[in-house]
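Visitor: sequence and predicted structure are below.
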Protein chains: 2
Amino acid sequence: MSNTELLPVLESEAEPCCPPLDERPLTAEEAERTARMFKALGDPVRLRLFSAVASHRNGEACVCDISDVGVSQPTVSHHLKKLKEAGLLSSERRGTWVYYRVEPAVLAAMGAILTKAASV
Amino acid sequence: MSNTELLPVLESEAEPCCPPLDERPLTAEEAERTARMFKALGDPVRLRLFSAVASHRNGEACVCDISDVGVSQPTVSHHLKKLKEAGLLSSERRGTWVYYRVEPAVLAAMGAILTKAASV
């Protein structure tokens, strides 16, 4: 079963929803959508899990590969769900295991929001 | 008075503390430091204030320029303090007003953490 969560920062893969942070003040709606993704990466355990998936072979990992962050399996599952809800990971069941993938287009959009702002 | 907060993502302006998210799983310490900055941008009001400073002339704004986000002045001050504590803004008092500046090197480091991960 593929993950069909909406990816909040992107209207489509080619077009980010929100301007670089230094272009103009964000509207309330833009800020809501963008903050949701930053917040998802704003927890150390979620960030470690995310990094474990992103650095795994092909940017994809089974939940069995990435549980070595010193928290219980239910806590791992909770954080993976939050990352999915924020549109940062997708998941797919294959046989016994659920595999998680990073969403490169979403990360690129978030990176562009920051790095364009950094070239002030 | 200049802000002398430590900038947690950077060891120095040239050298980010933490690898791109797809290079290897972050250590607990790296995740703590990086998550702190993402968390600071994970609130819609903080993100709007940050964007208001970043998009202001020369990436610098007086608190009097950036209070138009529909929250009270004490709330604005609270959020600006959080952004400073995360190392994303610095501040300087000049006469009556406090001026806030973005920290471009820190943003560049955060952007690099994301955009290198996005090129998987």
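Guide: Okay, I see it.
Visitor: what residues sit buried inside stretch A:92-108?
Guide: Across stretch A:92-108, burial judged by 16 or more other C-beta atoms under 10 Å in any protein chain shown covers A:98, A:99, A:100, A:101, A:102, A:103, A:104, A:105, A:106, A:107, A:108. Every residue, glycine included, has its C-beta placed from N, CA and C.
Visitor: ok, which of these also contact chain B?
Guide: A:102, A:104, A:105, A:107, A:108 (C-beta under 8 Å from any C-beta of the partner chain).
Visitor: for the buried residues of stretch A:92-108, give me a markdown table that also has pLDDT.
Guide: Converted to a markdown table, the buried residues of stretch A:92-108 look like this (pLDDT from 0 to 100):
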| residue | pLDDT |
| --- | --- |
| A:98 | 91 |
| A:99 | 94 |
| A:100 | 95 |
| A:101 | 94 |
| A:102 | 90 |
| A:103 | 80 |
| A:104 | 77 |
| A:105 | 82 |
| A:106 | 78 |
| A:107 | 78 |
| A:108 | 81 |
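Visitor: among the ones next to chain B among the buried residues of stretch A:92-108, which are in strands?
Guide: residue A:102 (DSSP state E).
Visitor: closest to residue A:37 out of the ones next to chain B among the buried residues of stretch A:92-108?
Guide: Of all these, residue A:37 sits closest to residue A:107, with 9.1 Å by C-beta to C-beta.
Visitor: show only the entries of the ones next to chain B among the buried residues of stretch A:92-108 found in helices.
Guide: Those of those mapping onto helices are A:104, A:105, A:107, A:108, per DSSP state H.
Visitor: most widely separated two among those?
Guide: Farthest apart among these by C-beta to C-beta are A:105 and A:107. That separation is 7.4 Å.
Visitor: strands of chain A, start to end?
Guide: In chain A, the strands defined using DSSP E lie at A:10-12, A:15-16, A:60-62, A:89-94, A:97-102.
Visitor: residue B:80 is nearest to which of the ones you listed?
Guide: That would be strand A:15-16 among these, by C-beta to C-beta, at 26.0 Å.
Visitor: burial count for residue A:25?
Guide: 23 (other C-beta atoms under 10 Å in any protein chain shown).
Visitor: is it true that it touches residue B:51?
Guide: Yes: Residue A:25 is within contact range of residue B:51, at 5.1 Å (criterion: C-beta atoms under 8 Å).
Visitor: still on that earlier bit, can I get the ones next to chain B among the buried residues of stretch A:92-108 in CSV with distance to residue B:92?
Guide: Listed next are these as CSV, based on distance: C-beta to C-beta, whole Å:
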residue, distance to residue B:92
A:102, 39
A:104, 39
A:105, 38
A:107, 33
A:108, 34
